[in-house]
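**Student:** got a sequence here, can you build the structure:
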Amino acid sequence: MQARVQLVTIVGAALLLLAVLEMVRRRRLMERYALLWLLSAVIVLGLSIWSGALARISHAIGIIYPPNALFFIAITCIVLLLLHFSSVLSRLSDQTETLAQRQALLEERLRRQEVHEEAGGAPQRTRPLVPEPAQGGNGRRPLDAEKPARARAQEPRRPEAGLSGSGLERARLERVPGD
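**Tutor:** Purely as a prediction, here's the structure:
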């Protein structure tokens, strides 16, 4: 491999490695994602430094010029990272949609309860407003579904994202007739 190309790839991989470490230090990148980037940067850096391994890999996959194999490996790492992030983004999008729908239902039921109480109606008997879903949006069972009902009943309730703890508890316990 030419010395100039090797130097450029070593500097590029080292800069990527330092940038990822700095982003983790400043808490701009979560550790679980940083590990993927660090692994990719270490692979590219290792192959840049150890040109003999790169020559063997390029020969094995049928690429004549070893730096092209290095760029091929780097692009493959990036594509795999993009695929992983796309799956994470899809899951988060499904969860956000589900949470928005559940919050809208809670707000509508709370509004109906307030209208009912303003009209002079007596408070209704309380029971859980929103049943826990049997399956999440990604087809997996939530972790709580694996626990027996008795164990779940003894655990303290955790507020869900986007709703305050007291408001959520009130919304879970209040029920409007006809719902």
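
**Student:** from here on, contacts and neighbour counts on C-alpha atoms
**Tutor:** Fine.

**Student:** where does this protein have low pLDDT?
**Tutor:** Low-confidence segments of the chain (pLDDT under 70): 1, 122-179.

**Student:** quick one: the helices in it?
**Tutor:** Remark: helices assigned in the chain by DSSP state H are 3-25, 31-49, 51-61, 66-118, 149-154, 165-173.

**Student:** among these, show me which one is buried the most.
**Tutor:** Among these, the stretch with the highest mean neighbour count (mean count of other Cα atoms under 10 Å) is helix 31-49, at a mean of 18.

**Student:** could you list the residues in contact with that helix?
**Tutor:** Outside helix 31-49, the residues that touch it by Cα atoms under 8 Å, 6 or more residues apart in numbering are 6, 9-10, 13-14, 16-17, 20-21, 24, 53-54, 70, 73-74, 77, 81.

**Student:** list the residues that contact Leu29.
**Tutor:** Applying Cα under 8 Å, 6+ apart, one finds that Leu29 lies in contact with 20, 23.

**Student:** quick check on Gly120: phi, psi?
**Tutor:** phi 100, psi 10 (degrees, to the nearest 10).

**Student:** hey, C-alpha coordinates of stretch 67-81 in PDB?
**Tutor:** Taking C-alpha atoms only, stretch 67-81 is exported to PDB below (Å, rounded to 0.1, in the frame of the first residue of the first chain):
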ATOM      1  CA  PRO A  67      -6.600   0.400  -0.200                       C
ATOM      2  CA  ASN A  68      -9.700  -0.300  -2.200                       C
ATOM      3  CA  ALA A  69     -10.400  -3.300   0.100                       C
ATOM      4  CA  LEU A  70      -9.900  -1.000   3.100                       C
ATOM      5  CA  PHE A  71     -12.500   1.400   1.800                       C
ATOM      6  CA  PHE A  72     -14.800  -1.500   0.900                       C
ATOM      7  CA  ILE A  73     -14.500  -2.800   4.500                       C
ATOM      8  CA  ALA A  74     -15.100   0.700   5.900                       C
ATOM      9  CA  ILE A  75     -18.200   1.200   3.700                       C
ATOM     10  CA  THR A  76     -19.500  -2.200   4.800                       C
ATOM     11  CA  CYS A  77     -19.100  -1.200   8.400                       C
ATOM     12  CA  ILE A  78     -21.000   2.000   7.800                       C
ATOM     13  CA  VAL A  79     -23.800   0.200   6.000                       C
ATOM     14  CA  LEU A  80     -24.100  -2.200   8.900                       C
ATOM     15  CA  LEU A  81     -24.200   0.700  11.300                       C
END
